[in-house]
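Asker: What shape does this take:
(2 chains)
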Protein chains: 2
Amino acid sequence: MKAKFVTQKALEKLKSNTQKAFNRSLDRHIKLAVTGFSGSGKTAFITALVKHLTSQATKQNLPFFDVVREGRLIAAKQVPQRALDIPTFDYQSASNCLLADEPTWPPSTQRINTLTLALKFHCESGLRAHLSPVSTVYLELIDYPGEWLADLPMLSQDYQTWSKATLELLQRDAYKDYSGAFLSLLDTFDGKAKVDEQELKTLAQSYQQLLSTLKSETKLAQLQPGRMLIPSDLAGAPILLFFPTKAHCEASEHSQYQQLQARFEAYKQQVVMPFYKQHFCQFDRQLVLVDVLSALNDGVDTLQEQREALAHVMQVFNYGKSGFLKRLFYPKIDKVLFAANKCDHVSPSQQADIALLLNDMLGEQTNELRFSGVSVDTMAISSVQSTQTKVVKDNGQHLECVYGKVLGEQQWTTYLPPQPPNHCLSPQQWPEHGFEFLSFYPQKAQQGNLHHVRLDHALQFLIGDKLT
Amino acid sequence: MKAKFVTQKALEKLKSNTQKAFNRSLDRHIKLAVTGFSGSGKTAFITALVKHLTSQATKQNLPFFDVVREGRLIAAKQVPQRALDIPTFDYQSASNCLLADEPTWPPSTQRINTLTLALKFHCESGLRAHLSPVSTVYLELIDYPGEWLADLPMLSQDYQTWSKATLELLQRDAYKDYSGAFLSLLDTFDGKAKVDEQELKTLAQSYQQLLSTLKSETKLAQLQPGRMLIPSDLAGAPILLFFPTKAHCEASEHSQYQQLQARFEAYKQQVVMPFYKQHFCQFDRQLVLVDVLSALNDGVDTLQEQREALAHVMQVFNYGKSGFLKRLFYPKIDKVLFAANKCDHVSPSQQADIALLLNDMLGEQTNELRFSGVSVDTMAISSVQSTQTKVVKDNGQHLECVYGKVLGEQQWTTYLPPQPPNHCLSPQQWPEHGFEFLSFYPQKAQQGNLHHVRLDHALQFLIGDKLT
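Answerer: This next block holds a predicted model:
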């Protein structure tokens, strides 16, 4: 009997040890998702992150990243990824763009990509660093198109709600000139009529054309369904051939309205939900990059729309955590960083205002997120520096200007950026001539080194606690 | 008590009626998959099928298709498809190619496509046709890339077996000139070494290059993995970065060999298996188009390879039916037609020989398929006619020639095709200078009507029994 008792105890100890090892090994993998609405600088961010950690991890370069400042980071290197069916992030091509003699921004994300870094470091301890135990954390970076992020809020909508919200958006002053052709085609559409595939296709194509135009001409974030802009293998499938229309509650079983409803639901279930379950719910940390200055350039309607889009996205981070909803799949993300990227397009003293503006855009939703145990922070960064500061004397005044090569032009320019607002302005408060911030090419690397603004702050918030 | 008994009986009757209605409704949907190794004429076949059924369904045009000959077909038209996530077959573009003033072959299939036809007809009965009951059958046509078909046999192979077979193929006389670069790179590869992602990538890219070259320069059918040729969303994913190599049984856990093995298995489970389960196992009928003449042009090694490829594919049709294997998912296909397409590239009297040759290529596997209850037939067809017959007098002899516009040339040509063999030739029997059959553009449509060779025979075999 005694022998058996001992065995039982040993078994439990073994189980407990296995459990600890399992927890430790889970803890050693951080899935950091990098996203942002289209054009916000995701690819440049990941490239800069890899570059700084693998070859520029000095105290001087990353002073606010504890593991580096404290001299505990031993080395970081790219290792084979675990998910074999996800394309590998093409670090080589992206860094070639940024490190070229005439640097350019890398092309935008068209699909999900991943890259894993192993970070080997000395753990924090009372002992001197080189005597303390060594640990390795695997940082999985996941880069996914902004269009997929913008689709997530559709999960909690039905076709009627979505249609109403989308049509309302398209009719706003800033977009109605673009929407005219689609909206007048929609006027002739009879949702109660029997399914006419050709008519549905024609309208869907007109709506797709509208989304493409809005993507290239404005900074609208909620261009739904996002796969209409990156259709890939689904090009031509009925699941992508839907559009918003007026409600027809009394529509019969084989009506056009009912067909659109079915396609909308199929899109949610077969396109958005698999991404949500297989990827989004697996992320530990999330970075959302926001191009605040371009939104300001685009006008009061777009800033308002980005604010709404951010609010919707924050609700998704909160799915299943709020207590109102009990879901089978819910995000396990416990830290979200919203970063106003490309902040060095304004002068250093103006950068704090951009961070404040972004914080104001996020509004009260951040409180709810924090209440459910998600840490949220906001900051202004530039993952890759694109300007230098130049102080210019004018009439005895010292003006803080930025100096860089304006996108699409050959000349280097010294430029005094307008003052960005530090909170959301109402249409009445909006300046008569709007805002006009310039965009710049990346700065040329020096001795193969990239420069950044507050990338170390971002790293410390996102993964610092896992490297102790 | 009596009342209850009656209710019970009524319930069972209802159940039985529901069951019958269910069976009938299942029976009314036929999923016909159209495939063939790349370049065999799938798109042209589907286009011709739709064209003939929807606008040319006359006794004169389709005399061997019973439902038409007997005057029972009321009408056929395209209806909305059930699967919303599969792209719709682009009938309009394909028929535009074939019906143009200068007709061309439509571009090849890069992904799965579908199109549904509703066929309304009078059922067979002793009564005169127009008095008999009317029924509707939904014919779902599914067009999928030949590359996906060629991948299916991988399901029953492990990495070592696949590597061995693939390397053996690459070293045959007809292909070794193409394979040289890859094979000599492979000589320097050490499977037992620790994973070097860059080296794996370099070799995988060299192998991919080889597959592309073989696809454009030869008629090899087994170009595996097929997604290397149509990578789509998987471009750059490790799952596509594998290649055949020599066996390393003693390879350790983190070796390159073990990594290749893992990628091979992931490819089977995450790429091939989903197609098999979600699509292939749902097909009722299957048409496999074979371009026999191009294989003859390519030489004795290619004919032999196509024979092996067909044998492997036939084993897949038989999965789970043979009694040896009990599987959860197995194909329900009960009729398979192997058709030597483009048969009018030879003269009418030679066409029977092509069908005989194809039958000989299929060999004894057809017996096994028939034994498990699958009907198999072989015939020579041209879904779209590309030549006319011309009898030319030469030295008192009447020569049966074909007349058409040779692919890639501007001239119309009258041409005496060489005699194709009616069985597989051994290397010793192979003619010294090989075979050289010409390829032709489609014939010009007359009054908007396409012409065919034995398309009606093919239709009768594939779906005739469902239209009675």
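Asker: domain ranges for chain A?
Answerer: A:2-148+A:278-386+A:446-466, A:152-276 (automatic domain parsing).
Asker: Report the contact partners of whichever residue of the stretch 351-468 of chain A sits closest to chain B.
Answerer: Residue of the stretch 351-468 of chain A nearest chain B, by Cβ to the nearest Cβ: residue A:448 (19.4 Å). C-beta coordinates here come from the backbone N, C-alpha and C atoms, glycine included. Counting by Cβ atoms under 8 Å, 6 or more residues apart in numbering or on different chains, residue A:448 touches A:55, A:99.
Asker: hey, where'd the strands end up in chain A?
Answerer: Remark: strands assigned in chain A by DSSP state E are A:29-36, A:73-79, A:113-122, A:134-143, A:285-290, A:335-340, A:375-380, A:388-394, A:397-405, A:412-415.
Asker: What about residue A:217, how many residues nearby?
Answerer: Neighbour count of residue A:217, defined by other Cβ atoms under 10 Å in any protein chain shown: 12.
Asker: show me the contacts for it.
Answerer: When contacts are counted by Cβ under 8 Å, 6+ apart, residue A:217 touches residue A:178.
Asker: okay if I get the domains of chain A as JSON lines plus mean pLDDT and distance to residue B:294?
Answerer: Output for the domains of chain A, formatted as JSON lines (pLDDT from 0 to 100; distance: least, Cβ to Cβ, whole Å):
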{"stretch": "domain A:2-148+A:278-386+A:446-466", "mean pLDDT": "87", "distance to residue B:294": "34"}
{"stretch": "domain A:152-276", "mean pLDDT": "92", "distance to residue B:294": "28"}
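Asker: Quick one, which of these gets closest to residue B:47.
Answerer: Across the domains of chain A, residue B:47 has its closest neighbour in domain A:152-276 (15.5 Å, Cβ to Cβ).
Asker: What separates the first and last residues of the closest one, distance-wise?
Answerer: 7 Å (Cα to Cα, to the nearest Å).
Asker: now that domain, how far from the chain's geometric center?
Answerer: 23 Å (Cα atoms, centre = their mean, to the nearest Å).
Asker: In TSV, list the strands of chain A along with distance to residue B:32 and mean neighbour count.
Answerer: Formatted as TSV, those follow (distance: least, Cβ to Cβ, whole Å; neighbours: other Cβ atoms under 10 Å in any protein chain shown):
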stretch	distance to residue B:32	mean neighbour count
strand A:29-36	42	23
strand A:73-79	47	17
strand A:113-122	38	20
strand A:134-143	40	19
strand A:285-290	46	24
strand A:335-340	50	25
strand A:375-380	55	20
strand A:388-394	66	11
strand A:397-405	59	16
strand A:412-415	64	15
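Asker: JSON lines please, covering the ones you listed and showing distance to residue B:399.
Answerer: Listed next are the strands of chain A as JSON lines, based on distance: least, Cβ to Cβ, whole Å:
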{"stretch": "strand A:29-36", "distance to residue B:399": "70"}
{"stretch": "strand A:73-79", "distance to residue B:399": "68"}
{"stretch": "strand A:113-122", "distance to residue B:399": "62"}
{"stretch": "strand A:134-143", "distance to residue B:399": "65"}
{"stretch": "strand A:285-290", "distance to residue B:399": "73"}
{"stretch": "strand A:335-340", "distance to residue B:399": "79"}
{"stretch": "strand A:375-380", "distance to residue B:399": "84"}
{"stretch": "strand A:388-394", "distance to residue B:399": "83"}
{"stretch": "strand A:397-405", "distance to residue B:399": "74"}
{"stretch": "strand A:412-415", "distance to residue B:399": "78"}
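Asker: From residue B:133, how far off is residue A:69?
Answerer: Applying Cβ to Cβ, to the nearest Å, the value for residue A:69 to residue B:133 is 85 Å.
Asker: Show me which of the two is the more surrounded one.
Answerer: Between residue A:69 and residue B:133, counting by other Cβ under 10 Å, residue A:69 is the more crowded of the two (16 against 8).
Asker: Now for the more buried one: which residues touch it?
Answerer: Residue A:69 makes contacts with A:59, A:62, A:63, as judged by Cβ under 8 Å, 6+ apart.
Asker: what's the closest of these to residue B:215?
Answerer: Distance to residue B:215 across those (Cβ to Cβ) is lowest for residue A:62, with 48.4 Å.
Asker: out of everything not next to it in sequence, what's closest to the closest one?
Answerer: With sequence-adjacent residues excluded and distances taken as Cβ to Cβ, 6 or more residues apart in numbering or on different chains, residue A:62 is closest to residue A:456, at 4.0 Å.
Asker: tally of neighbours for the one you found?
Answerer: Neighbour count for residue A:456, taken as other Cβ under 10 Å: 21.
Asker: quick one: it from residue A:59, how far?
Answerer: Distance, residue A:456 to residue A:59, using Cβ to Cβ: 10 Å.
Asker: Could you tell me which residues touch both of these two?
Answerer: Counting by Cβ under 8 Å, 6+ apart, the residues touching both residue A:456 and residue A:59 are residue A:68.
Asker: can you pull the contacts of residue A:186?
Answerer: By Cβ under 8 Å, 6+ apart, the contact list for residue A:186 reads A:203, A:243, A:245, A:246.
Asker: ok, now which ones touch the last one?
Answerer: To tie it back to what came earlier, the one meant is residue A:246. Contacts of residue A:246 by Cβ under 8 Å, 6+ apart are A:163, A:167, A:186, A:191.
Asker: Chain B contacts on the stretch 51-200 of chain A?
Answerer: Counting by Cβ under 8 Å from any Cβ of the partner chain, the stretch 51-200 of chain A comes close to chain B at A:78, A:80-81, A:84-88, A:90, A:111, A:113, A:195, A:197.
Asker: with those residues in mind, which one is nearest to residue A:463?
Answerer: Residue A:463 lies nearest to residue A:78 out of those, by Cβ to Cβ, at 16.1 Å.
Asker: ok, the closest one to residue A:65 distance?
Answerer: Per Cβ to Cβ, residue A:78 is found 19 Å from residue A:65.
Asker: what do you get for residue A:238?
Answerer: From residue A:238 across to residue A:65, the span is 49 Å (Cβ to Cβ).
Asker: for residue A:391, same thing?
Answerer: Residue A:391 sits 29 Å away from residue A:65, taking Cβ to Cβ as the criterion.
Asker: between the contacts of residue A:186, which is closest to residue A:96?
Answerer: Taking Cβ to Cβ as the measure, residue A:96 sits nearest to residue A:243 out of the contacts of residue A:186, at 40.0 Å.
Asker: who are the neighbours in contact with the closest residue in space to residue A:243 that isn't next to it in sequence?
Answerer: In space, and not counting its chain neighbours, residue A:243 is closest to residue A:207: 3.8 Å by Cβ to Cβ, 6+ apart. Listed by Cβ under 8 Å, 6+ apart, the contact set of residue A:207 reads A:182, A:228, A:243, A:244.
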